[in-house]
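Engineer: heads up, no residue letters with this:
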């Protein structure tokens with residue numbers, strides 16, 4: 001068992017001051033994904049995008065039949081992978097993160113996990129402070145999607161972190177492709193970033209793509225598993241430059257220059273969102289060796305407390321519809337890996353939060369209505385082996401109020417074989433007359 005702990009790293013953590021978020025949720029864990037059970041009106045209409053809508057209810061249904069636009073071809077040592085150079089949170093081809101890693105050769109995702117988890121925290125290329133002196137472990141994070149021509153849509157069954165869920169970490173997701181490389185090898189896709197836990201929430205804000213890419217490079221060189229004659233190479237530009245996504249000013253202005261500079265961010269405050277630097281290129285690693293299997297049972301469980309003013313995450317009445325969310329959420333995960341390379345995990349997030357309407361036109365913001373409870377839960381389960389993968393992610397938000405309940409629910413299922421789908425639906429209360 002690897003417990004959830006925050007390593008002692010005063011010098012590094014001193015630069016992570018608690019930002020006055022002031023209502024900005026940034027790239028919150030739920031900001032991009034609606035979540036609610038399909039309760040459709042008998043008179044609801046259907047638009048050309050498959051969206052069912054009326055005044056109170058909506059539903060979105062996506063299948064895995066359509067490839068995303070903008071596929072790119074990446075070649076190495078005579079082998080080519082045609083893939084989508086971004087990750088998604090659904091199956092509609094909306095980019096979430098840039099792909100910045102490829103693994104070829106003896107590169108099954110379970111073996112990459114073993115290679116990273118077999119390393120200690122001694123990285124002479126970086127300062128001996130957290131998270132650079134931490135070790136890799138399985139982690140909790142949103143399921144994301146990726147597409148390759150070899151096997152279609154896949155889900156991020158394996159997620160790893162360098163450090164802990166909070167306050168900062170390097171977060172890596174892996175996708176099998178089923179695409180062959182050479183004689184008996186394969187292609188695996190990866191996306192890695194540096195994120196921080198937004199103060200007063202259990203959600204994360206991405207801060208960097210480039211520095212964590214260098215961390216993975218350093219660690220795989222340390223592993224001794226790369227081909228000695230051609231250990232790694234860089235692709236051409238395959239995704240958006242010179243930046244991808246942004247950091248909201250309330251979060252950005254809480255990050256001291258001592259951290260901004262190594263992350264490649266401009267020093268000083270900003271009144272507008274700041275782009276996260278991205279050179280658009282990915283690193284290709286050629287693995288020929290194999291680390292000792294990281295088998296057995298692994299688990300982690302911890303709680304975080306919400307205490308933040310945020311835009312109402314669903315059923316919003318407009319840009320000034322803000323609420324204060326407070327209360328604990330519990331996060332847990334178990335992972336089991338067999339001697340044959342079968343990897344399986346289950347994770348759960350659950351909490352009962354207090355939600356209070358807030359008038360943000362006042363300074364400071366003032367509570368403007370009666371509080372009510374919100375029941376939140378997420379369940380994930382996934383499995384992967386050299387032949388197939390499957391991951392499922394379900395999310396639910398229930399807000400009982402006077403006059404009824406507002407609901408968001410979603411379900412994402414992505415597998416190598418069988419039907420993949422994404423379904424999200426909501427039920428909002430009708431506006432008061």
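Structural biologist: That came through, no problem. Fair warning: this is a prediction, and the values are worked out from it, not measured in the lab.
Engineer: Sketch out the helices for this protein, chain order is fine.
Structural biologist: For the chain, helices defined by DSSP state H occupy the ranges 10-13, 109-117, 210-223, 249-252, 257-260.
Engineer: which stretch among the ones you listed comes nearest residue 423?
Structural biologist: When those are compared by CB to CB, helix 109-117 sits nearest residue 423, at 26.1 Å. Heads up, the C-betas are built off the backbone N, CA and C, glycines and all.
Engineer: so how far is the closest one from its chain's centroid?
Structural biologist: 19 Å (CA atoms, centre = their mean, to the nearest Å).
Engineer: can you map out the strands along the stretch 1-150 of the chain?
Structural biologist: 45-46, 51-53, 57-63, 72-76, 79-83, 101-105, 136-138, 145-148 (DSSP state E, counting those that start in this stretch).
Engineer: Pick out the shakiest of those, pLDDT-wise.
Structural biologist: Ranked by mean pLDDT, those end with strand 45-46 at the bottom, a mean of 36.
Engineer: rewinding a little: possible to save the strands of the stretch 1-150 of the chain as JSON lines with distance to residue 300?
Structural biologist: Converted to JSON lines, these look like this (distance: least, CB to CB, whole Å):
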{"stretch": "strand 45-46", "distance to residue 300": "42"}
{"stretch": "strand 51-53", "distance to residue 300": "37"}
{"stretch": "strand 57-63", "distance to residue 300": "31"}
{"stretch": "strand 72-76", "distance to residue 300": "34"}
{"stretch": "strand 79-83", "distance to residue 300": "31"}
{"stretch": "strand 101-105", "distance to residue 300": "24"}
{"stretch": "strand 136-138", "distance to residue 300": "7"}
{"stretch": "strand 145-148", "distance to residue 300": "24"}
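Engineer: As a markdown table, those strands with mean neighbour count and distance to residue 211 would be great.
Structural biologist: What follows is these, written out as a markdown table (neighbours: other CB atoms under 10 Å; distance: least, CB to CB, whole Å):
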| stretch | mean neighbour count | distance to residue 211 |
| --- | --- | --- |
| strand 45-46 | 10 | 45 |
| strand 51-53 | 16 | 38 |
| strand 57-63 | 18 | 33 |
| strand 72-76 | 17 | 22 |
| strand 79-83 | 19 | 23 |
| strand 101-105 | 26 | 13 |
| strand 136-138 | 22 | 16 |
| strand 145-148 | 26 | 22 |
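Engineer: Out of the ones you listed, flag the one nearest residue 185.
Structural biologist: strand 101-105 (4.3 Å).
Engineer: Run through who's touching the closest one.
Structural biologist: Strand 101-105 is touched from outside by 74, 76-77, 79, 81, 112, 172, 174, 181-182, 185-192, 213, 216, 227, 235, 282-288, with contacts defined as CB atoms under 8 Å, 6 or more residues apart in numbering.
Engineer: run the last query once more with 7 Å
Structural biologist: 74, 76, 79, 112, 181-182, 185, 187-192, 213, 216, 227, 282-288 (CB atoms under 7 Å, 6 or more residues apart in numbering).
Engineer: ok so, going back, out of the helices of the chain, nearest to residue 400?
Structural biologist: helix 249-252 (30.4 Å).
Engineer: what distance separates that closest one from the middle of the whole chain?
Structural biologist: Counting by CA atoms, centre = their mean, helix 249-252 comes out at 20 Å from the chain centroid.
Engineer: Quick one: mark the members of the contacts of strand 101-105 that sit in strands.
Structural biologist: 74, 76, 79, 181, 185, 187-192, 283-287 (DSSP state E).
Engineer: ok so, going back, quick check: which of the helices of the chain is buried the most?
Structural biologist: helix 109-117 (a mean of 24; mean count of other CB atoms under 10 Å).
Engineer: Now tell me what touches it from outside.
Structural biologist: 103, 136-137, 158, 160, 174, 176, 188, 219-220, 223, 225, 290-294, 337, 341, 343, 384.
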